[in-house]
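Colleague: The following block contains a protein sequence and its predicted model.
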Amino acid sequence: MESLTLNFFANAFTIGICFYLVNLVIVCLMAHSLNRNVFGWIYVSIFLTPIIGMTILLCLPAVEQSSSVRRRDREM
């Protein structure tokens, strides 16, 4: 009986970690699509949880690229 309980908690922990990592990837994709700093939003999401990071990103508008970045992208 004890190993069954331990096995259940190990599986629940593994599923929780996978869910957390999937949500971090979603935050990364959202930050990238809004032209925000991806690494900064990873740190925010690690400390505040990815759900809060997603909520904040949904409330923020997209950042416009500067003209020098757009010019450099056109030249490539």
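Modeller: Arrived safely, thanks for sending. Numbering: from 1, shown residues only.

Colleague: Please make it C-alpha for all contacts and neighbour counts, starting now.
Modeller: Will do.

Colleague: Distance of Ile15 relative to Leu29?
Modeller: To Leu29, Ile15 is 21 Å away according to Cα to Cα, to the nearest Å.

Colleague: my bad, should have said Ser66
Modeller: 21 Å.

Colleague: so which helix or strand takes in Met30?
Modeller: For Met30, the element it lies in under DSSP states H and E is helix 2-33.

Colleague: Looks like Ile52 contacts Ser45 (just checking).
Modeller: Yes. At 7.0 Å, Ile52 counts as touching Ser45 under the criterion of Cα atoms under 8 Å.

Colleague: More neighbours: which of those two?
Modeller: Taking other Cα atoms under 10 Å, Ile52 and Ser45 do not tie; Ser45 has more neighbours (21 against 15).

Colleague: Check whether that one really touches Val22, as I assumed.
Modeller: No. Judged on Cα under 8 Å, Ser45 makes no contact with Val22 at a distance of 11.8 Å.

Colleague: thinking again about what came up before, of Ser66 and Leu29, who's got more company?
Modeller: Neighbour count, other Cα under 10 Å: between Ser66 and Leu29, Leu29 has more, with 14 against 8.

Colleague: Skipping its backbone neighbours, what lies nearest the most centrally placed residue in the chain in space?
Modeller: The chain has Val27 as the residue nearest its centroid, 2.4 Å off, counting by Cα atoms, centre = their mean. Closest residue to Val27 apart from its sequence neighbours, by Cα to Cα, 6 or more residues apart in numbering: Met54 at 5.8 Å.

Colleague: Sounds good, over and out.
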